[in-house]
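**Student:** Test case, fold it:
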Amino acid sequence: MRVIATSIFVEDQDKAKQFYTDVLGFEVKHDLPMGEFRWLALVDNSSDNQVEVILEPNNHKVAKDYQKGLYEAGIPVTMFGTDDLNKEVDELKDKGVKFQTEPVDMDGFKFAIFDDSCGNLIQLLQQN
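**Tutor:** Numbering: from 1, shown residues only. All right, here's what the predicted structure looks like:
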């Protein structure tokens, strides 16, 4: 068994697509109409890890409450890995990304948390 996809609820699929592709560097794998929304799946083609990140509309009350609750509690919705956290943070800041937590060193890890501008906090992690 392996992870093939993970979902992130977003307030606006177009805005999220722009942020996750133009700012974070993901590539669109699927962008298919599904009623009033889309099946919007992204991948990191620079990696062998082809887990799809699904940008799902938060149009259901449960999804909105979940997303809002995590954000207000300061809990990241997911985690992305990097080989050089400080470099990644600097590059994202240059693109206007707002960080909730600056890089922190912890026992064998470094992490930072940023706002995806679509209603979520995302954690960046570097394993030492």
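**Student:** Next, the buried residues of the helix or strand harbouring Asp65.
**Tutor:** Per DSSP states H and E, Asp65 falls inside helix 61-73. Buried positions in helix 61-73, judged by neighbour count with 16 or more other Cβ atoms under 10 Å: 67, 70-71. C-beta coordinates here come from the backbone N, C-alpha and C atoms, glycine included.
**Student:** Centre of the chain to that helix, how far?
**Tutor:** Mean-position distance between helix 61-73 and its chain equals 15 Å (Cα atoms, centre = their mean, to the nearest Å).
**Student:** what element comes up after that helix heading to the C-terminus?
**Tutor:** Next in sequence after helix 61-73, counting helices and strands by DSSP H and E, comes strand 78-81.
**Student:** So which bits of that next one are buried?
**Tutor:** Neighbour-count burial for strand 78-81 flags no residue at all (criterion: 16+ other Cβ under 10 Å).
**Student:** do stretch 117-128 as well
**Tutor:** Buried residues in stretch 117-128 (16+ other Cβ under 10 Å): 117-126.
**Student:** got a list of contacts for that stretch?
**Tutor:** 8-12, 15-16, 19, 55, 58, 67-68, 70-71, 74-85, 88-89, 97-98, 100, 108-116 (Cβ atoms under 8 Å, 6 or more residues apart in numbering).
**Student:** Any of those buried? List them.
**Tutor:** Among these, the ones that count as buried by 16+ other Cβ under 10 Å are 8-10, 16, 19, 55, 58, 67, 70-71, 76-77, 82, 85, 88-89, 97, 110-114, 116.
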